[in-house]
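Trainee: model the following, please.
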Amino acid sequence: MSGAAVIPKAELHIHIEGTLEAEMVFDMASRNRVSLPFADVEDLRARYAFSDLGSFLELYYSCMAVLRREEDFADLANAYLARASSEGVRHAEIFFDPQAHMARGVPLGVVVDGLSAALGASASRYGMSSGLIACFLRDLGPQAAMDTFDQLLAHSSPIIGIGLDSAEVGYPPAMFTDVYARARAVGLHCVAHAGEEGPPEYVRQALDVLHVERIDHGVRSLEDPALVARLVDDQIPLTVCPLSNVRLKVVGRMEDHPIAGMLDAGIAVTVNSDDPAYFGGYVGENYSAVADGVGFDGESLRKLARNSFDAAFIDHSLRQRYVDELDGAVG
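Mentor: Okay, the predicted model is just below:
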């Protein structure tokens, strides 16, 4: 694996359900007696040619049906943590979609307890710190998000924050003002997907109305010079996912990705993998892709990694430890 792939880093935009590899889909389907609409692993992988976010989400939710037990969620998280550790990840903030599982009759406790079991052992097993961020499916609306938040609080779920994901266009951040206000009131961190397929205005709403600390994706922010200036002045982190952007046709090819312009402008951009089982690579492959496709040199890659630690929801001493490791790794 290249030096770009294994540089010490944090991953801040990773959907745990998006790490469900095709082989694991069939293994879990077998042990949970779930019928699949795919003939075999090859048939499933052949369907990874997505035209947009919507076409991906249809397959994403279909595969998720195999996740039924605590051990399924623990196995899924452990597989990700092992892979991420091998690619230089020192800290991971992992998204999960409680509504997608509860809608299938899987109790919230099964999901959270399974994931928490794996993350609780991440330091001893993988040398990584980690945290869980519960994301609301924006296309289910604000009341469903509030109801889910109530259940997360009642369960005393060990989450560090909330997020907003799924279909973006037509579901502006402002719809979720109330649930974000509640989350802030109980001391949770707040992030939101915005500016992937949605317009720059969605990024503004996420900042002004939801008061998020990070923007997930945000690649369309470059269309608005005033927004770019604000992102730079306030050093609002963007958790960009290059391979995802190419696979979902947000950009045509890696060579055309706007991440170089973002970094040059002074935006606090980070590199992440989003849903790596479906998009062609984990975070290490994303670093390699921008090194090769965009032409980032070692200095640019170190800046991306430093940004990831600066943007992480960790205390100063842990951040400094990781930054010192990064500095030492590059001599």
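Trainee: can you pull out the strands in the stretch 51-200 of the chain?
Mentor: Listed in chain order, the strands of the stretch 51-200 of the chain (DSSP state E, counting those that start in this stretch) span 89-96, 129-137, 159-165, 189-194.
Trainee: and the second one, what does it pack against?
Mentor: Contacts defined by 3 or more C-beta pairs under 8 Å, 6 or more residues apart in numbering; DSSP states H and E place strand 129-137 against strand 89-96, helix 98-102, helix 108-120, helix 122-126, helix 142-154, strand 159-165. Bear in mind the C-beta positions are built from the backbone N, C-alpha and C, glycine included.
Trainee: please redo it, this time with the cut-off set to 6 Å
Mentor: Here strand 129-137 touches strand 89-96, strand 159-165, going by 3 or more C-beta pairs under 6 Å, 6 or more residues apart in numbering; DSSP states H and E.
Trainee: strands paired with that strand, and their directions?
Mentor: Using DSSP bridges, strand 129-137 pairs in its sheet with strand 89-96 (parallel), strand 159-165 (parallel).
Trainee: show which residues not belonging to the longest one make contact with it.
Mentor: This means strand 89-96. Taking contacts as C-beta atoms under 6 Å, 6 or more residues apart in numbering, the residues outside strand 89-96 that touch it are 8-12, 14-16, 84, 128-133, 135, 163, 312, 322.
Trainee: repeat that for 8 Å
Mentor: Residues from elsewhere that reach strand 89-96, judged by C-beta atoms under 8 Å, 6 or more residues apart in numbering: 8-17, 77, 80-81, 84, 111, 115, 119, 122, 127-135, 160-161, 163, 165, 283, 309, 312-314, 318, 322, 325.
Trainee: still on that earlier bit, out of the strands of the stretch 51-200 of the chain, nearest to residue 288?
Mentor: The closest of the strands of the stretch 51-200 of the chain to residue 288 is strand 89-96. By C-beta to C-beta, the value is 14.2 Å.
Trainee: shaky segments in the stretch 101-250 of the chain?
Mentor: Within the stretch 101-250 of the chain, no range satisfies pLDDT under 70.
Trainee: quick revisit: deepest of the helices and strands packed on strand 129-137, which one?
Mentor: Most buried of these, by mean neighbour count (mean count of other C-beta atoms under 10 Å): strand 89-96, with a mean of 25.
Trainee: got the angle between that one and helix 108-120?
Mentor: Interaxial angle of strand 89-96 relative to helix 108-120 (axes from the mean of the first three to the mean of the last three C-alpha atoms, to 10 degrees): 180 degrees.
Trainee: so what's the gap between strand 89-96 and the chain middle?
Mentor: From the chain centre to the centre of strand 89-96 is a distance of 8 Å (C-alpha atoms, centre = their mean, to the nearest Å).
Trainee: please begin residue numbering at 28 from this point
Mentor: New numbering, starting at 28: the last item is strand 116-123.
Trainee: I'd like the mean pLDDT over it, please.
Mentor: The average pLDDT for strand 116-123 rounds to 98.
Trainee: mind putting the strands of the stretch 78-227 of the chain in CSV, distance to residue 237 included?
Mentor: Output for the strands of the stretch 78-227 of the chain, formatted as CSV (distance: least, C-beta to C-beta, whole Å):
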stretch, distance to residue 237
strand 116-123, 16
strand 156-164, 11
strand 186-192, 8
strand 216-221, 6
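Trainee: next, count neighbours for residue 326.
Mentor: When neighbours are counted by other C-beta atoms under 10 Å, residue 326 registers 9.
Trainee: three-state assignment of it?
Mentor: Of the three states, residue 326 takes helix under DSSP: H, G, I helix; E, B strand; the rest coil.
Trainee: about what we covered before: who wins for proximity to residue 178 among the strands of the stretch 78-227 of the chain?
Mentor: Nearest of the strands of the stretch 78-227 of the chain (C-beta to C-beta): strand 156-164, 9.9 Å.
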